[in-house]
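K.L.:
got a sequence here, can you model it:
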Amino acid sequence: MRLVVQRTNGVEVWIDGQLHSSTKAGLLVLFGTRQGDIEKSCEYLADKVVHLRIFEDSEHKMNLSALDVHAEIMIVSQFTLYADTRQGRRPAFTGAMEPIEAERLYGCFVERVRHCGLVTQTGVFGAKMDVRFSNYGPVTIILDHDLP
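P.N.:
Next comes the predicted model:
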């Protein structure tokens, strides 16, 4: 399972020209699954995201977590996080998880984050989305979780 976590001043998700969801300052989490991923990774990564100390304290050091600052979180599924570009120029997505199971794990991850009590919004699994945000800092962290 792979996440791209970006600190933001806010996020908007637009679908078919309509605003679907939005968040204030916090995190944008792009969520990708690959074949073999399981729910245990959802638990681990949800805990990691909400406790990751990437917000600044009064001394401008990254010492505070999303929980500490009551950040809002936008979670968007993105199968392209498992693009294989080793051969040719067209990415292959054969390592990405099949949609039915990927959507189930996406839902599991979203519920684990929501369980932490933070405002949590989502895109729509499988939809073409226009995700609008500003990367504040900029801060971008890639989180991977591979179980044996």
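
K.L.:
doesn't Val4 belong to a helix?
P.N.:
No: applying DSSP: H, G, I helix; E, B strand; the rest coil, one finds Val4 to be strand, outside a helix.

K.L.:
quick one: residues contacting it.
P.N.:
Val4 makes contacts with 29-30, 78, 81, 140-143, as judged by C-beta atoms under 8 Å, 6 or more residues apart in numbering. Yep, even glycine has a C-beta here, placed from its N, CA and C like the rest.

K.L.:
one more pass at 7 Å, please.
P.N.:
Counting by C-beta atoms under 7 Å, 6 or more residues apart in numbering, Val4 makes contact with 30, 81, 140, 142.

K.L.:
how about these in TSV, adding pLDDT?
P.N.:
Shown next, in TSV, are these (pLDDT from 0 to 100):
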residue	pLDDT
Leu30	98
Leu81	94
Thr140	97
Ile142	97
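
K.L.:
I'd like those as CSV, with secondary structure, distance to Leu64 and neighbour count appended.
P.N.:
As requested, the contacts of Val4 are arranged in CSV below (DSSP: H, G, I helix; E, B strand; the rest coil; distance: C-beta to C-beta, whole Å; neighbours: other C-beta atoms under 10 Å):
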residue, secondary structure, distance to Leu64, neighbour count
Leu30, strand, 22, 20
Leu81, helix, 26, 19
Thr140, strand, 17, 13
Ile142, strand, 20, 10
